[in-house]
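Asks: I would like to see how this sequence folds:
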Amino acid sequence: QVQLVESGGGLVQPGNSLRLSCAYSRSVFGLAVMGWYRQAPGKQRELVATINSGDSTNYADSVKGRFTISRDNAKNTVYLQMNSLKPEDTAVYYCHADPRAIRDYVGPNEYWGQGTQVTVSS
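Replies: All right, here's what the predicted structure looks like:
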């Protein structure tokens, strides 16, 4: 079983920055596609950003140019740097792992962290 543990959420004023971290418990997940999703009150969970084992990234249009996803496989950690935060970025942010690209992997198709709250408000 793999655990994903998020940290770094909190309350921040508009225009400021936060960095979220997601630590994963198995180093082989350095080969997984890792991502961040978010869910605002009353809305569906939506993709924020993903990064694959080759460090190719993908972003939602709403965060392009403001958010950056990265990974440090030596630390078994994925990051989401969030700059120029807006009130509409307020949500619970979830770390996600898709391990299906890992050779010979057997197990669940995905894993989720417990979520971390990000609130952008003055």
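Asks: so who does the residue nearest to the spatial centre of the chain touch?
Replies: The residue at the geometric middle of the chain, judged as the C-alpha nearest the mean C-alpha position with Cα atoms, centre = their mean, is Trp36 (2.5 Å). Neighbouring residues of Trp36 by Cβ atoms under 8 Å, 6 or more residues apart in numbering: 20, 22, 48-50, 69, 78, 80, 93-96. C-beta: built from backbone N, CA, C; applies to glycine.
Asks: which of those residues has the most neighbours?
Replies: Each of those was scored for neighbours by other Cβ atoms under 10 Å, and Val78 scores highest at 30 neighbours.
Asks: Quickly find the element holding it.
Replies: Under DSSP states H and E, the secondary-structure element containing Val78 is strand 77-82.
Asks: which residues touch that strand?
Replies: If you take Cβ under 8 Å, 6+ apart as the criterion, strand 77-82 is touched by 17-24, 34, 36, 48-49, 51, 63, 66-72, 89, 93, 95, 118.
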